[in-house]
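Undergrad: Output the structure for:
(chains A and B)
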Amino acid sequence: SQTIHQWPATLVQPVGSPLSLECTVEGTSNPNLYWYRQAAGRGLQLLFYSVGIGQISSEVPQNLSASRPQDRQFILSSKKLLLSDSGFYLCAGPQGGINTGELFFGEGSRLTVL
Amino acid sequence: TQLLEQSPQFLSIQEGENLTVYCNSSSVFSSLQWYRQEPGEGPVLLVTVVTGGEVKKLKRLTFQFGDARKDSSLHITAAQPGDTGLYLCAGPIKLSFGAGTTVTVRA
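TA: This next block holds a predicted model:
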């Protein structure tokens, strides 16, 4: 069955520090993968999506970046965090392992920047 | 980007009551999805509607896609505390999400 693991689950970082959030997908191959950010109790903002290894599309220009070094690995990074980077980060892949637009989400990573 | 507007933003009701939440856009969608999210977890897909006028039922949840495929509604009959959560609609273009409706069902 399909699973999406996100690590770490919770992170508290000072302003100006680097960031690395990891997303690992199991149970599917060549999936489209997505990074979303969610403000408290609100909708999801699409940050990046990837259709394959090394292929990244950015939706919102900011100090975040993404990489896809392996088919089932999607990483969200920053060199210097801002207060506004705080939020709940969600990685998503295709529901049922098929790229139809229906999404299956990981457990999320909560980032607090102080 | 297709904008999805959800209403109301918050909804608090007593157990056993009915509720309806709405998802509207000025754009036509080829399909529309509904997700439910509990605090601290990722959203979970409830349903996808594809055909204008389509009605889908999932136990006590009824989803309707507007005839013009610009809007959708979610109706919950006899709500239970377990229905509490953030309900999100999403469109297929860049997988855009609405801001969501926070539903609280009081026991």
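Undergrad: Could you pick out the residues of chain B near chain A for me?
TA: For chain B, the residues found near chain A under the criterion C-beta under 8 Å from any C-beta of the partner chain are B:6, B:31, B:33, B:35, B:40-45, B:48, B:86, B:88, B:90, B:92, B:94-100, B:102. The C-beta positions use only the backbone N, C-alpha and C, and glycine is treated the same way.
Undergrad: What subset of those is buried?
TA: Using 16 or more other C-beta atoms under 10 Å in any protein chain shown as the burial test, the residues of chain B next to chain A include B:6, B:31, B:33, B:35, B:41-43, B:45, B:48, B:86, B:88, B:90, B:92, B:95-100, B:102 as buried.
Undergrad: For the residue in chain B positioned nearest to chain A, give me its contacts.
TA: Residue nearest to chain A within chain B: B:Gly42 (2.9 Å; C-beta to the nearest C-beta). By C-beta atoms under 8 Å, 6 or more residues apart in numbering or on different chains, the contact list for B:Gly42 reads A:Ile4, A:Leu90, A:Ala92, A:Phe105, A:Gly106, A:Glu107, A:Gly108.
Undergrad: With A:Thr10 instead?
TA: Neighbour list for A:Thr10: A:Ser109, A:Arg110 [criterion: C-beta under 8 Å, 6+ apart].
Undergrad: switch to 6 Å and redo it
TA: Residues near A:Thr10 by C-beta atoms under 6 Å, 6 or more residues apart in numbering or on different chains: A:Arg110.
Undergrad: Then A:Val60?
TA: A:Leu47.
Undergrad: likewise B:Thr102?
TA: Residues in contact with B:Thr102 (C-beta under 6 Å, 6+ apart) are A:Gly41, B:Phe10, B:Leu86.
Undergrad: right, and the last one touches B:Gln37 too?
TA: Yes - with contact defined as C-beta atoms under 6 Å, B:Leu86 counts as touching B:Gln37 (4.4 Å).
Undergrad: Sitting in strands, which of the buried ones among the residues of chain B next to chain A do you find?
TA: Counting by DSSP state E, these place B:Gln6, B:Gln33, B:Tyr35, B:Leu45, B:Thr48, B:Leu86, B:Leu88, B:Ala90, B:Thr102 in strands.
Undergrad: low-confidence ranges in chain B?
TA: Applying pLDDT under 70 to chain B flags residues B:1-2, B:93-94.
Undergrad: For the residue of chain A found nearest chain B, give the beta-bridge partners.
TA: With C-beta to the nearest C-beta, the shortest gap between chain A and chain B falls at A:Phe105, namely 2.9 Å. Counting by DSSP bridges, A:Phe105 is bridged to A:Ala92.
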